[in-house]
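Could you look at this predicted model? Sequence included:
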Amino acid sequence: MIRFLLNNTLQAVCNIDPNTTVLNYLRNTLRSTKKRTGTKEGCASGDCGACTVVLVEVKNDQLIYSSINSCLTLLPTLNGKQLIAVEDLKHGDQLHPVQQAMVDHHGSQCGFCTPGIVMSLFAYQKNHNSNLLHENNTLKSHIDKKSTVQPFNPAKALESLAGNLCRCTGYQPIINAAKEISKNQQLDQFDLQQQQTIATLKSIQPGQCDTLSYNTPSTNKKSAVKNAYSPTQLSQLDRLLQQHPKAHLLAGGTDLVLDITQKQISFDTLIYLGEIEELQRINLSENTIEIGATTPLSQCHPVLCDEYPDLGQLLERFASLQIRNQGTLGGNIANASPIGDAPPALIVAGASLQLRHAGAVRSMPLEAFFIDYRKTHLVAGEYIEKIIIPRKPAGSIYQVYKLSKRLDDDISAVCGAFHIQLKNGQVTEASIAFGGMAAIPKRASYCEQALLNQPWNKASIETAMNALDQDFTPLSDFRASAEYRSQAARNLLLKCWIESQPNSLPTRVTDYV
């Protein structure tokens, strides 16, 4: 049974297909009097944001609001959380301040995308005002503060809205609404009910391995049984994988659920990893950063940005905020896409993986993890437990560049990562990796060898640029031609050298093709 709050109403869900998305649950499964049809389906792939809803979780006795794509979220992931849809914002006959701001600034055009935009702005407002409401965890502290209104942060507002497309192209009124929201410190019904909400969510937190089971209707004599398990401990997960070696692991689901929405695949057994605390820990030591495999990308960002600023910038352009709130660092690695953004950047940082199978663990350098297109060294029943990243050596050059046709919410044509260490002007260590250039994220070994023990100057760079032709024979596809990819890879190495020179002007980690 899966238990969660739909606004303030406790839902206890059983005997429902665990392949059901939250979008379909809201629009089709709920009884007619309870349906939330304001949540729209635009793309069913997490690209348009029309289906955006907000998930609320309790962490450190505070409510954390996250915008997500309901089209990519399966019901088992709601366990122990609160789900807020656009119909839940209005309080009696009064519009929520976010809705009112959209009205006042004429932010709605045809209206189809508006519910998703409103929900993204709602999450933005909650996070914008969180320090006021959460200080001392009392409403009184919020009310007593007269001069702590945070200034409007255009970058944060745009980040919150970057995952919402408007075909009517009326973005400026929407941004104006976001600016208005930033000034509004008015308490809403969610603020007034926060203590009750926290208490209720604590009371339904998973304490054991929850199961959602469903017997699919069938015209045959036999009906298929579909199960979803939500273990809370690694030992439970290990046992489940021994019992169900063909089960599909569900973490963020931003890639896996596409098989359901785009390919009409239905999985017989799902194991949801989001309830296992050990898989979401971030541990900092003197020499390493350890990140649990199911840590959402948005939570990885602060620590990685602090240690490796270019990697932090790369994560800011990793799809949309809704995707980053769900997608996980381990998932981005495990799906073994040749154009996954994180692997090249982590490979050159010297990252390794801790893999777990039936309680036994083994370690492997990330660069050795990938075998071929979408193939890795994981064996049946094995999974990534954590990613281990060395601290950045003092004085080393670390640069990451992403080339894409669109600045926001787009997949790389080429992603290049460079980590260079110098001594007395000579290259003592070189780690260079690319995504989009081969069937796997791959180091450029010939290029690296051409740089080692050579002066860090333009002549050495030009020699290493030529060596890239021995490292890669890229393919042509709709994102870029093979010729473009080869030339782009060469130029990114040159760019890395130029930007490492004194008084150079650094550019953004993400550039247009």
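Looks like it came in fine. Numbers count the residues shown, from 1 in each chain.

Give me the pLDDT value at Ser500.
On pLDDT, Ser500 comes in at 95.

ok, for it, nearest residue in space, not its chain neighbours?
The spatially closest residue to Ser500, leaving aside those adjacent along the chain, is Ile397, at 5.0 Å (Cβ to Cβ, 6 or more residues apart in numbering). Yep, even glycine has a C-beta here, placed from its N, CA and C like the rest.

do Gly207 as well
Closest to Gly207 by Cβ to Cβ, 6+ apart is Thr232, at 7.1 Å.

Likewise for Asn453?
Asn453 sits nearest to Gln426 (Cβ to Cβ, 6+ apart), 6.2 Å away.

Please list all residues in contact with Lys126.
Val54, Leu63, Tyr65, Phe190 (Cβ atoms under 8 Å, 6 or more residues apart in numbering).

of the residues you listed, closest to Ile271?
The nearest member of these to Ile271, counting by Cβ to Cβ, is Val54 at 25.4 Å.

and the nearest residue to Asp372 once chain neighbours are set aside, how many neighbours?
Of all residues not flanking Asp372 in the chain, Ala439 sits nearest, at 5.7 Å (Cβ to Cβ, 6+ apart). Ala439 sits with 14 neighbouring residues when counted by other Cβ atoms under 10 Å.

Distance-wise, check the residue nearest to Gly207 relative to Leu5.
19 Å (Cβ to Cβ, to the nearest Å).

Regarding Gln354, what is its secondary structure?
Per DSSP: H, G, I helix; E, B strand; the rest coil, the local secondary structure of Gln354 is strand.

Quick check: beta-bridge partners of it?
Ser363, Lys386 (DSSP bridges).

surely it meets Leu366?
No. At 11.0 Å, Gln354 and Leu366 do not qualify as touching, with contact defined as Cβ atoms under 8 Å.

Give me the common contacts of the two.
By Cβ under 8 Å, 6+ apart, the residues touching both Gln354 and Leu366 are Ile387.

okay, those two: which has more neighbours?
Neighbour totals were compared for Gln354 and Leu366, and Leu366 leads with 24 against 16 (other Cβ under 10 Å).

Please name the nearest non-neighbouring residue to that one.
Going by Cβ to Cβ, 6+ apart, Leu366 has Ala351 as its nearest residue, at 4.5 Å.

who's in contact with the one you found?
Pro365, Leu366, Ile387, Ile388, Ile389, Pro390.

Redo the residues you listed as JSON lines? Include pLDDT and distance to Thr463.
Formatted as JSON lines, the contacts of Ala351 follow (pLDDT from 0 to 100; distance: Cβ to Cβ, whole Å):
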{"residue": "Pro365", "pLDDT": "98", "distance to Thr463": "27"}
{"residue": "Leu366", "pLDDT": "98", "distance to Thr463": "27"}
{"residue": "Ile387", "pLDDT": "98", "distance to Thr463": "33"}
{"residue": "Ile388", "pLDDT": "98", "distance to Thr463": "33"}
{"residue": "Ile389", "pLDDT": "98", "distance to Thr463": "30"}
{"residue": "Pro390", "pLDDT": "98", "distance to Thr463": "28"}
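
Closest one of these to Thr77?
Ile387 (21.3 Å).

and the closest one, how far is that from Leu284?
Counting by Cβ to Cβ, the gap from Ile387 to Leu284 is 13 Å.

intersection of neighbour lists for the two?
Glu290.

neighbour count winner among the two?
Higher neighbour count among Ile387 and Leu284: Ile387, with 23 against 13, using other Cβ under 10 Å.
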